[in-house]
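S.K.: this one's sequence-less:
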Ligand SMILES: C[S@@+](CC[C@H](N)C(=O)[O-])C[C@H]1O[C@@H](n2cnc3c(N)ncnc32)[C@H](O)[C@@H]1O
């Protein structure tokens, strides 16, 4: 990750390099926005509560595993600290959803549901399907959704390898997807290709941890070079892709 970070620092640019009006507007008004919304405080208070929770659960891991913990026993506060995206990214996803107003959202990798709550509160008319393999973690996420009164979330418990195809078959189009489940090359590319079948020209896909490992870095190369992807934006910890037609294919590496 350190090697990729230095490459990123060297290649990344700011708004002065942007000639695409779409990306300029997105970067300056949405990605870099510092606007705070009252609901952020409620979500971050929930996170603080989870940070103090020493109850232990047994986790079922279908993903790339933890780099820190070697057993499947976890304190809730450890999950909250290691698995959840930090506030900066939750707020970014909130702003993207508030801006694009996607009707259908897939959230791959719920964990305790903090980012899912940001998605839910950003646009309450959206319908969110969030996918989690671990039943004990999913139970906690459900409690968190209830605590913050999120009414537009359906949680799908099971291995995404099996649940994603079933859920995709039930929807007409997928407007927004956040990929934050199994941080390996093969599942990342496979889930992307599956979701692509329901993407439209206006869909937005966000990939987490695109330089977390050599495998994820490789998966990001495949995704951004895919012929259907017209705009890709690398913000180092996350990558955004857009399918807007009638414009040249472009890749941006931007500081965030
Ligand atoms: C990094 S955490 C997600 C964090 C969450 N998106 C957030 O920001 O709050 C990844 C989650 O994906 C789940 N997961 C990984 N691989 C999975 C799979 N194949 N099927 C279902 N869930 C999976 C893990 O159990 C874990 O809870």
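M.R.: Looks like it arrived, so ask away. It should be emphasised that the depicted structure is a prediction, and the values quoted were computed from it without experimental measurement. Residues are numbered from 1 along each chain as shown.

S.K.: Name the residues linked to the residue sitting nearest the centre point of the chain by a beta bridge.
M.R.: For the chain, the residue nearest the mean C-alpha position is residue 178 (3.4 Å; C-alpha atoms, centre = their mean). Partner residues in beta bridges with residue 178, using DSSP bridges, are residue 107, residue 206.

S.K.: ok, it to the ligand distance?
M.R.: 7 Å (C-beta to the nearest ligand atom, to the nearest Å). Backbone N, C-alpha and C define where each C-beta goes, glycine included.

S.K.: I figured that residue hits residue 93, correct?
M.R.: Yes: shown here, residue 178 and residue 93 form a contact pair, counting by C-beta atoms under 8 Å, at 6.4 Å.

S.K.: Common neighbours of the two, please.
M.R.: With C-beta atoms under 8 Å, 6 or more residues apart in numbering applied, the overlap between the contact sets of residue 178 and residue 93 consists of 115, 119, 206.

S.K.: Relative to residue 8, which of those is nearest.
M.R.: Here the nearest of the shared contacts of residue 178 and residue 93 to residue 8, counting by C-beta to C-beta, is residue 206; it sits at 17.0 Å.

S.K.: Tell me how many other residues surround that closest one.
M.R.: Other residues near residue 206 number 23, with proximity taken as other C-beta atoms under 10 Å.

S.K.: Repeat that for residue 255.
M.R.: 14.

S.K.: That one touches residue 14, doesn't it?
M.R.: Yes: Residue 255 lies in contact with residue 14 (C-beta under 8 Å); the separation is 5.6 Å.

S.K.: Could you verify my assumption that residue 163 touches residue 131?
M.R.: Yes: the pair residue 163 and residue 131 passes the contact test of C-beta under 8 Å, sitting 5.8 Å apart.

S.K.: intersection of neighbour lists for those two?
M.R.: With C-beta under 8 Å, 6+ apart as the test, residue 163 and residue 131 both reach residue 156.

S.K.: So the two - more neighbours on which side?
M.R.: More neighbours surround residue 131 than the other of residue 163 and residue 131, with 24 against 17 (other C-beta under 10 Å).

S.K.: my guess is residue 223 contacts residue 240, does it?
M.R.: No: with contact defined as C-beta under 8 Å, residue 223 and residue 240 do not form a contacting pair (10.5 Å).

S.K.: which residues are common contacts for those two?
M.R.: Here residue 223 and residue 240 share the contacting residues 207, 232, scored by C-beta under 8 Å, 6+ apart.

S.K.: which outside residues touch the helix or strand bottoming out on mean pLDDT in the chain?
M.R.: The weakest-scoring helix or strand in the chain, judged by mean pLDDT, DSSP states H and E, is helix 2-11 (a mean of 86). If you take C-beta under 8 Å, 6+ apart as the criterion, helix 2-11 is touched by 211, 217, 234, 236, 253.

S.K.: and if we set it to 7 Å?
M.R.: Applying C-beta atoms under 7 Å, 6 or more residues apart in numbering, the set of residues contacting helix 2-11 from outside is 211, 217, 236, 253.

S.K.: Pick out the most distant pair among these.
M.R.: Longest distance between any two of the contacts of helix 2-11 is 12.9 Å, between 217 and 253; criterion C-beta to C-beta.

S.K.: How about residues contacting stretch 246-255?
M.R.: The contact list for stretch 246-255 (C-beta under 7 Å, 6+ apart) reads 8, 11-14, 20, 23, 27, 224, 230-235.

S.K.: Narrow these to those that are buried.
M.R.: Buried positions within these, assessed by neighbour count (16 or more other C-beta atoms under 10 Å), are 8, 12, 23, 27, 224, 230-235.

S.K.: which one of these sits closest to the ligand?
M.R.: The nearest member of the buried ones among the contacts of stretch 246-255 to the ligand, counting by C-beta to the nearest ligand atom, is residue 235 at 15.0 Å.
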